[in-house]
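Enquirer: No sequence on hand, only this structure:
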């Protein structure tokens, strides 16, 4: 089972879990509607689309409301550390949670105590917590953007806001930043760096570069990084090797963008509806 | 819990100062609480290294009708003619989707500011991008 962990921007949304389904532009969580604007619901919608296209069962979501106080995130961290063994997770994605290193450690300990260790993907705040806690190498895949990669590359930075001046957020220096993140063990076993172009990398360096199709407006659209993480998670759950899954996901996300004919004001929801066709085309292009 | 009050490290000391240690993620909310109480900190520095400072470089992307400003890993995109905030992207803390929902679709002069409704360092990043967008778009 593919499990997705994250938050919704509401103060009164309790810790909840249930199946995810995406039908005709609408996301359902545990049988009820869940609005897709950006963030974890966008990741969930993309993953549900991709799972359906790949013939997999519906993904499973763990959610809580958090508007930045961290209260909801703490409740979800606690729930997962106490109950994760009750769920048969084979792939887990951790997303927009308040980065709290000691709670991250407790969740990771609970996951690593499972009889069969799931494949682990981290993005957004949970990825920050993994790096802050010095446990990045426990993850199979990180999916940073360039600003987050600079944070991973700076062994002293406590947050992407505070990277040191000599570590510039420049696309031309991405290979250097990737090497630096690995040299300090601050990256997952694989990286899918979201940008123009996207990079797939591992300890050995850059494995693949994906730059086409290119839609410059995609960078402005909130949620397009979340959708690529959702697609790659579904492909990993389907059994694709992580580098191959990352290349297909990056390509499919770009194709979905191209099909949506986006401008900087486009909503991510209008791109998600194109993921099934885009993923089929990306798989065909790769001979799958 | 350990007492969060300390004396400052020599490198950031300016006099008979008191240091209050707090989780970095809560910076915006804590500064707001201090401001409400009429207290203005001499400086705010990460404990790991007082030399670490917030990113102050902006990346500007010009689209035909829109302007995108990136500060660290937060981006704000504005329609230059209507001044409407059309998208907010990036970040990793849970108030980012909350801020995006609160600000998107509103005009720059009327939108709520991240420093007033956000709580985390990602909100602070977005505030920097927002201020730069205002500087570039408003007369």
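Expert: Looks like it arrived, so ask away. Quick caveat: nothing in here was measured; it's all calculated off a predicted structure.

Enquirer: and the stretch 1-150 of chain A, which of its residues are near chain B?
Expert: A:7-9, A:37-40, A:66-70, A:72-73, A:96-100, A:123-128, A:145-148 (Cβ under 8 Å from any Cβ of the partner chain). In short, each C-beta sits where N, CA and C put it, glycine included.

Enquirer: Can you verify my assumption that residue A:224 contacts residue A:257?
Expert: Yes: with contact defined as Cβ atoms under 8 Å, residue A:224 reaches residue A:257; the gap is 6.9 Å.

Enquirer: which residues do these two both contact?
Expert: A:218, A:271 (Cβ atoms under 8 Å, 6 or more residues apart in numbering or on different chains).

Enquirer: just to revisit the earlier point, go through the residues of the stretch 1-150 of chain A next to chain B and flag which are in strands.
Expert: Counted as lying in strands by DSSP state E, out of the residues of the stretch 1-150 of chain A next to chain B, are A:7-8.

Enquirer: Please flag which of the residues of the stretch 1-150 of chain A next to chain B sit within helices.
Expert: A:39-40, A:72-73, A:124-128, A:146-148 (DSSP state H).

Enquirer: Adding pLDDT, write the residues you listed out as CSV.
Expert: Output for these, formatted as CSV (pLDDT from 0 to 100):
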residue, pLDDT
A:39, 94
A:40, 97
A:72, 96
A:73, 96
A:124, 95
A:125, 93
A:126, 96
A:127, 96
A:128, 93
A:146, 86
A:147, 85
A:148, 90
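
Enquirer: What is the nearest of these to chain B?
Expert: Checking those against chain B with Cβ to the nearest Cβ, the nearest one is residue A:147 at 2.7 Å.

Enquirer: How about that closest one: what's its closest non-neighbour residue?
Expert: Nearest-residue entry for residue A:147: residue B:73, 2.7 Å, with adjacent residues in sequence omitted and distances by Cβ to Cβ, 6 or more residues apart in numbering or on different chains.

Enquirer: correct me, but the one you found touches residue B:92?
Expert: Yes: here residue B:73 reaches residue B:92: they are 7.4 Å apart, a contact under Cβ under 8 Å.

Enquirer: Which neighbours do these two have in common?
Expert: A:148, A:160, B:122.

Enquirer: Most neighbours of all the residues you listed, which one?
Expert: Within the shared contacts of residue B:73 and residue B:92, neighbour counts (other Cβ atoms under 10 Å in any protein chain shown) peak at residue B:122, which reaches 32 neighbours.

Enquirer: That one and residue B:95 touch, don't they?
Expert: Yes: using Cβ under 8 Å, residue B:122 is in contact with residue B:95, at 6.7 Å.

Enquirer: what about the helix or strand harbouring residue B:135, distance to the chain center?
Expert: Using DSSP states H and E, the element containing residue B:135 is helix B:121-137. Here the centre of helix B:121-137 is set off from its chain's centre by 7 Å, with Cα atoms, centre = their mean, to the nearest Å.

Enquirer: so where do the helices sit in chain B?
Expert: B:27-36, B:95-103, B:114-117, B:121-137.

Enquirer: Then chain A?
Expert: Counting by DSSP H, the helices of chain A are A:39-53, A:71-83, A:101-112, A:124-132, A:146-153, A:174-183, A:224-237, A:242-260, A:269-272, A:275-285.

Enquirer: would you list these in CSV and tack on distance to residue B:68?
Expert: Shown next, in CSV, are the helices of chain A (distance: least, Cβ to Cβ, whole Å):
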stretch, distance to residue B:68
helix A:39-53, 19
helix A:71-83, 28
helix A:101-112, 31
helix A:124-132, 20
helix A:146-153, 13
helix A:174-183, 19
helix A:224-237, 13
helix A:242-260, 16
helix A:269-272, 17
helix A:275-285, 24
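
Enquirer: nearest to residue B:34, of the ones you listed?
Expert: Closest to residue B:34 of the helices of chain A is helix A:71-83 (Cβ to Cβ; 20.4 Å).

Enquirer: other SSEs contacting that closest one?
Expert: Contact partners of helix A:71-83 among helices and strands, from 3 or more Cβ pairs under 8 Å, 6 or more residues apart in numbering or on different chains; DSSP states H and E: strand A:2-8, strand A:60-65, helix A:101-112.
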